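**Student:** Could you work out the structure for the sequence below:
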Amino acid sequence: MEGTVDGFRYGVVTPVAAFLMACLGGALGLRCIVRSLIDEETWKTGWLALGATSIGCGIWTMHFIAMIGFQVEETRVRYDVTLTVLSLVVAIVVVGVGVFLVGRRGASPATLTFAGVVTGLGIAAMHYLGMAALRLGADIRYDILTVHLSVLIAIGAATAALWAAVTVRGFLASLGASLVMGLAVSGMHYTGMAAVTVHLHSWAEQGTWSGDSPTSLLLPMLLGPVVFLGLAGVVVMFDPGLVLNDDKGGGTDDRQSVKSVAPHARS
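**Tutor:** Take a look at the predicted model:
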């Protein structure tokens, strides 16, 4: 028997909140990466790490806020804690790989393509690892073509984000880029969810499976990344380098142009 899947249990509340968190993580990450390009080498690693963690937390938070609105009418939905935490680690690590590649080597076509593919596949892995954490009285099945489409969207979103990270400088341009990132990541999520069908077990209504409920697990777990994004926002807002050097120089797609910006940061 096929279950009735509803991804919008609370209407537009969870999609809008998820989109805003993806935008917030993207915006903070972009500003941190911009700061790494105008700062001295001793601070570069720290800014890149903060940017990667911000984007990774934003993507992960987006996914699980959206999942709060996910339900199967015929069975309870619960989550495996270990896989849920692992999906957060995957999100941060794979974004970090892409960010450090373009942050250190520049946005040459080869580097950007490789970093975008790796990061996009990692984002997709985070999504489907989060889905693997679901514990419910049913088997989850996927439409393979829709899954492939979601992966392509993830790769495209990752590549665009990494390109924007090293080419977009102005505040308004970064804001626009973060909105595009949020839309792309949300699109990837809901495309992946459109691939889902559930086939109920005969014992589903008995509720004998293990795992934590969305409210008991996801809400407390979301608190950590949200607090981190808030603290990252404070760091970005009160850093004078991002204000004083915000409009110095244009975009960059190689190491030489990145280095040319550094003297402005030290003057």
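**Student:** show me where this structure has helices.
**Tutor:** 13-38, 41-68, 81-105, 109-132, 144-167, 171-194, 214-237, 240-244, 255-266 (DSSP state H).
**Student:** who touches the residue positioned nearest the centre of the chain in this structure?
**Tutor:** The C-alpha lying nearest the average C-alpha coordinate of the chain belongs to Ile59 (Cα atoms, centre = their mean; 2.0 Å). By Cβ atoms under 8 Å, 6 or more residues apart in numbering, the residues touching Ile59 are Ala22, Gly25, Ala91, Val95, Ile123, Met126, Val185. (Each C-beta comes from the backbone N, C-alpha and C, glycine too.)
**Student:** what would those residues look like in CSV with pLDDT and distance to Ala160?
**Tutor:** Listed next are these as CSV, based on pLDDT from 0 to 100; distance: Cβ to Cβ, whole Å:
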residue, pLDDT, distance to Ala160
Ala22, 90, 13
Gly25, 90, 15
Ala91, 90, 17
Val95, 89, 13
Ile123, 89, 12
Met126, 91, 17
Val185, 89, 10
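**Student:** As CSV, these with neighbour count would be great.
**Tutor:** CSV is the format used below for those (neighbours: other Cβ atoms under 10 Å):
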residue, neighbour count
Ala22, 30
Gly25, 31
Ala91, 31
Val95, 30
Ile123, 32
Met126, 25
Val185, 29
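**Student:** sorry, back to before: any figure for the gap between the residue nearest to the centre of the chain and Gly130?
**Tutor:** Per Cβ to Cβ, to the nearest Å, Ile59 is found 10 Å from Gly130.
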